[in-house]
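[1] need a structure here:
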Amino acid sequence: MATGRENQRSILQSQALLKYILESSAYPRESEHLKQLREATLEKYPYW
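    The predicted structure follows:
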(Lines give C-alpha, C1' and ligand atoms only; values in the text may rest on other atoms or scores of the structure.)
Protein backbone atom coordinates (compact mmCIF):
# COMPACT_ATOMS: atom_id res chain seq x y z
CA MET A 1 0.00 0.00 0.00
CA ALA A 2 1.47 3.33 -1.02
CA THR A 3 1.21 5.92 1.73
CA GLY A 4 2.85 8.83 -0.03
CA ARG A 5 5.67 8.80 2.51
CA GLU A 6 8.08 7.07 0.16
CA ASN A 7 9.03 10.39 -1.47
CA GLN A 8 9.54 12.36 1.74
CA ARG A 9 13.05 13.58 2.43
CA SER A 10 14.41 12.15 5.62
CA ILE A 11 17.72 11.41 7.22
CA LEU A 12 16.37 7.91 7.82
CA GLN A 13 16.43 5.93 4.60
CA SER A 14 14.11 3.17 5.76
CA GLN A 15 10.63 3.07 7.29
CA ALA A 16 11.73 -0.08 9.13
CA LEU A 17 14.59 1.86 10.75
CA LEU A 18 12.22 4.64 11.81
CA LYS A 19 9.81 2.08 13.29
CA TYR A 20 12.65 0.40 15.20
CA ILE A 21 13.88 3.71 16.63
CA LEU A 22 10.39 4.71 17.76
CA GLU A 23 9.65 1.31 19.31
CA SER A 24 12.98 1.06 21.11
CA SER A 25 13.51 4.70 22.16
CA ALA A 26 10.40 6.86 22.08
CA TYR A 27 7.47 4.58 22.88
CA PRO A 28 8.88 2.99 26.07
CA ARG A 29 9.17 6.48 27.66
CA GLU A 30 5.73 7.82 26.75
CA SER A 31 3.02 8.23 29.38
CA GLU A 32 0.07 5.85 29.49
CA HIS A 33 -2.30 8.58 28.23
CA LEU A 34 -0.12 9.30 25.20
CA LYS A 35 0.17 5.57 24.49
CA GLN A 36 -3.62 5.20 24.50
CA LEU A 37 -3.98 8.24 22.23
CA ARG A 38 -1.33 6.95 19.82
CA GLU A 39 -2.92 3.49 19.67
CA ALA A 40 -6.40 4.93 19.08
CA THR A 41 -5.04 7.15 16.32
CA LEU A 42 -3.26 4.23 14.65
CA GLU A 43 -6.51 2.25 14.61
CA LYS A 44 -8.15 5.00 12.58
CA TYR A 45 -5.11 6.17 10.58
CA PRO A 46 -2.67 3.26 10.06
CA TYR A 47 0.93 4.42 9.61
CA TRP A 48 2.89 1.23 9.09
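[2] how long is stretch 25-40 from one end to the other?
    End-to-end distance for stretch 25-40, by C-alpha to C-alpha, to the nearest Å: 20 Å.
[3] scratch that, stretch 27-37
    Using C-alpha to C-alpha, the two ends of stretch 27-37 sit 12 Å apart.
[4] how about the spatially most central residue of the chain, secondary structure?
    For the chain, residue 19 is the residue whose C-alpha lies nearest the centre (C-alpha atoms, centre = their mean; 5.7 Å). Three-state call for residue 19 (DSSP: H, G, I helix; E, B strand; the rest coil): helix.
[5] how close does it get to residue 38?
    13 Å (C-beta to C-beta, to the nearest Å). (C-beta placed from N, C-alpha, C; glycine too.)
[6] one more: residue 23?
    Taken as C-beta to C-beta, the span from residue 23 to residue 38 is 12 Å.
[7] helix/strand/coil for residue 11?
    Residue 11 is classified as coil under three-state DSSP.
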